[in-house]
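A.B. asks: Any chance you could fold what I've pasted below:
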Amino acid sequence: LYGTTYTGGAGDCYGRACGTVFELTPTAGGKWKETVLHRFAGGKDGDIPYAAVILNAAGDVFGTTRDGGGTSCGCGTVFELMPQDGGRWSETLLHSFSGTDGADPSGLIFDSSGNLFGAANIGGTSDAGVVFELSPALGGGWNESTVYNFEGFSDGAGPGKRLTFEGPNLYGATEEGGAGYGTIFELKHESNGSWTHSVLYSFKGGKDGRYPASPFAFGESGNLYGSTDGDISCVHGNPWGCGNIFELTPGSGG
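C.D. replies: Residues are numbered from 1 along each chain as shown. As a prediction, the model looks like this:
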């Protein structure tokens with residue numbers, strides 16, 4: 001098992017340590033052994049590795065930090081951890097966000113070609129967040145490109161959750177915008193390599209819920225399943241909303 005802590009480790013990030021990436025390995029007797037793979041130091045190295053990490057076929061670990069990086073704004077990073085001899089791990093910084101290309105990135109996902117995709121909760125041309133892609137470059141390194149800039153209104157704002165691939169298309173959620181309480185969106189991958197954004201559903205905050213979360217699950221018939229914080233008028237349990245599970249069913253005419 002692999003995961004992150006957003007504090008602890010090394011460095012001094014706003015009066016606290018800057019976070020870690022760890023591994024849990026099963027041992028005899030049903031117990032687990034923890035190994036810290038990397039301790040973030042803040043600054044260029046990054047800070048607050050809040051999202052879950054993912055692994056490639058070679059066992060390398062990929063993730064993001066919400067803050068830090070090699071730009072003046074400290075808008076977050078994408079990093080890779082590679083196993084070395086003797087049980088050590090080395091860190092490589094794949095990208096530092098500058099704000100115009102996004103800030104506060106979330107979890108990553110691979111496509112079938114080995115490209116990395118993710119969403120940044122803020123930043124971009126309207127400071128409403130972006131969906132981004134990182135592609136391996138010839139001769140090493142990674143190239144970053146913006147797949148979509150959110151405008152912050154009917155198309156949504158704050159896409160800071162992990163995306164989901166279903167076939168060649170990307171699906172995600174925004175916590176704001178749309179009808180006021182967030183959206184479910186699709187980025188359709190066109191034959192010419194471009195991406196077309198469309199809003200599948202805008203939440204109204206009533207019985208349909210608000211502030212949807214992702215990633216999603218897809219059923220065999222193509223229906224999409226997810227969760228929200230629930231009805232704004234809920235009086236049971238959490239006064240901010242009791243939560244719900246929703247299903248989106250494809251309708252005729254798209």
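
A.B. asks: Nearest residue to Ala52 in space, please, no chain neighbours.
C.D. replies: Gly107 (5.1 Å; CB to CB, 6 or more residues apart in numbering). (Each C-beta comes from the backbone N, C-alpha and C, glycine too.)

A.B. asks: Let's see the helix or strand that contains the one you found as PDB, backbone CA atoms only.
C.D. replies: Assigned by DSSP states H and E, Gly107 belongs to strand 103-110. Once non-C-alpha atoms are left out, strand 103-110 reads as follows in PDB (Å, rounded to 0.1, in the frame of the first residue of the first chain):
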ATOM      1  CA  ALA A 103      -2.400  25.700  -9.000                       C
ATOM      2  CA  ASP A 104      -3.300  23.300  -6.200                       C
ATOM      3  CA  PRO A 105      -3.200  20.100  -8.300                       C
ATOM      4  CA  SER A 106      -5.100  17.000  -7.300                       C
ATOM      5  CA  GLY A 107      -4.500  13.300  -7.900                       C
ATOM      6  CA  LEU A 108      -3.200  11.900 -11.200                       C
ATOM      7  CA  ILE A 109      -4.400   9.200 -13.700                       C
ATOM      8  CA  PHE A 110      -2.600   7.500 -16.600                       C
END
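
A.B. asks: partners of that strand, with directions?
C.D. replies: strand 116-122 (antiparallel) (DSSP bridges).

A.B. asks: What strands line up against the helix or strand following the strand it pairs with, and which way round?
C.D. replies: Later in the chain than strand 116-122, the nearest helix or strand by DSSP H and E is strand 130-136. Applying DSSP bridges to the sheet, strand 130-136 is found paired with strand 116-122 (antiparallel), strand 142-149 (antiparallel).

A.B. asks: what's strand 130-136 in contact with?
C.D. replies: 78, 94-95, 101-102, 105, 114-120, 123-124, 142-150, 159, 163, 170, 172, 187, 195 (CB atoms under 8 Å, 6 or more residues apart in numbering).

A.B. asks: Off-centre distance for it?
C.D. replies: 11 Å (CA atoms, centre = their mean, to the nearest Å).

A.B. asks: average pLDDT across that strand?
C.D. replies: Strand 130-136 shows an average pLDDT of 97 in the prediction.

A.B. asks: and if you look at stretch 37-52?
C.D. replies: Rounded mean pLDDT across stretch 37-52 is 94.

A.B. asks: Equivalent analysis for stretch 221-230, please.
C.D. replies: If you average the per-residue pLDDT over stretch 221-230, you get 91.

A.B. asks: same thing with stretch 190-203?
C.D. replies: Stretch 190-203 comes out at a mean pLDDT of 95.

A.B. asks: Just the buried positions in that stretch, please.
C.D. replies: For stretch 190-203, a neighbour-count test (16 or more other CB atoms under 10 Å) marks Trp195, His197, Val199, Tyr201, Ser202, Phe203 as buried.

A.B. asks: rewinding a little: pretty sure the residue nearest to Ala52 contacts Thr65?
C.D. replies: No - Gly107 lies out of contact with Thr65 (CB atoms under 8 Å); the separation is 11.7 Å.

A.B. asks: Among the two, which residue is more densely surrounded?
C.D. replies: The neighbour count for Gly107 versus Thr65, taken as other CB atoms under 10 Å, is higher for Thr65 (32 against 21).
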